[in-house]
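**Student:** sequence first, then the predicted structure, then my questions.
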Amino acid sequence: RDLIRRARDVQPAWAARPLTERDRFIGKLRHLLIQHSDELARLISDCVGKTRIEALATEILPSVAGSRWYQKHARRALKPEHLSPGSLLFLNKHSTVSRLPWGVIGIISPWNYPLGIPMHEIVPALLAGNTVLFKTAPETLPVGVRLAELFQLAGLPEHVFTHINIDGPLCGDLFLEPSGVDKLFFTGS
């Protein structure tokens, strides 16, 4: 509960940062993923049993490419959209759709793609101004720990991204409490 509260406390300040600033952190992370790709491939291989080449091809490179794609398209996806009046009766009315962050995002990821799947949830959540609580499968705990270290190396403010090590059913209950996360990504069974 304390980690959710901390993520909730820092979320408004994170969302208030300009998109260009949030984007810079993701760019730094992307470069760190490239710099540490050998180490990450070994870590994923040790945890999951994939070959290092498979870990690189199915997890690290798609995470780098996906992060770049989200960076490239975030401005367009998040900008306000002005709607045309739907009727002549409303020509003097103006409507705008604004994309606002959810708040605190919980992500529970599977063991078989411990980096590839969650990165496609983490990066857009952070770019959109959300904070993230990330729970890995127990088998891939070292991957989550290393990812948290890379976010720290990228200079991400404290509690904007938090890796948590907690039992699955307890985590699910905690995330789904009324004071829990605002949105949950769960991949697994």
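**Tutor:** Cool, the structure landed. Residues are numbered from 1 along each chain as shown.
**Student:** what segments of this protein are strands?
**Tutor:** 81-83, 95-97, 104-108, 131-135, 161-164, 183-186 (DSSP state E).
**Student:** quick one: mean pLDDT for the fifth one?
**Tutor:** This means strand 161-164. Averaging pLDDT along strand 161-164 gives 96.
**Student:** for that strand, packing partners?
**Tutor:** helix 2-16, strand 131-135, helix 141-153 (3 or more Cβ pairs under 8 Å, 6 or more residues apart in numbering; DSSP states H and E). (Each C-beta comes from the backbone N, C-alpha and C, glycine too.)
**Student:** if you set the cut-off to 6 Å instead, what comes out?
**Tutor:** The helices and strands touching strand 161-164, judged by 3 or more Cβ pairs under 6 Å, 6 or more residues apart in numbering; DSSP states H and E, are strand 131-135, helix 141-153.
**Student:** which strands border that strand, and is each parallel or antiparallel?
**Tutor:** Sheet pairing of strand 161-164 (DSSP bridges) gives strand 131-135 (parallel).
**Student:** picking up where we left off before, of the helices and strands packed on strand 161-164, flag the one that's most buried.
**Tutor:** Highest mean neighbour count among the helices and strands packed on strand 161-164 (mean count of other Cβ atoms under 10 Å): strand 131-135, with a mean of 25.
**Student:** in this structure, which residue is most central in space?
**Tutor:** For the chain, the residue nearest the mean C-alpha position is residue 122 (1.0 Å; Cα atoms, centre = their mean).
**Student:** and the nearest residue to residue 125 once chain neighbours are set aside, what are its bridge partners?
**Tutor:** Among residues not flanking residue 125 along the chain, residue 105 sits closest, at 4.5 Å (Cβ to Cβ, 6 or more residues apart in numbering). Beta-bridge partners for residue 105, by DSSP bridges, are residue 132, residue 183.
**Student:** burial count for residue 105?
**Tutor:** Residue 105 has 26 neighbours, counted by other Cβ atoms under 10 Å.
**Student:** make 596 the first number, not 1, from now on.
**Tutor:** All right, first residue 596 from here; so that's residue 700.
**Student:** list the contacts of it.
**Tutor:** By Cβ atoms under 6 Å, 6 or more residues apart in numbering, the residues touching residue 700 are 720, 725, 727, 778.
**Student:** got the contact list for the lowest-mean-pLDDT helix or strand in the chain?
**Tutor:** Taking mean pLDDT, DSSP states H and E as the measure, the chain has helix 763-771 as its least confident helix or strand, at a mean of 86. In this structure, residues lying in contact with helix 763-771 by Cβ under 6 Å, 6+ apart are 701, 730, 776, 779.
**Student:** are any of these buried, and which?
**Tutor:** Neighbour counting with 16 or more other Cβ atoms under 10 Å marks 701, 730, 776, 779 as buried within these.
**Student:** can you redo those as CSV with pLDDT?
**Tutor:** Output for the buried ones among the contacts of helix 763-771, formatted as CSV (pLDDT from 0 to 100):
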residue, pLDDT
701, 96
730, 95
776, 95
779, 94
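**Student:** all set, thanks.
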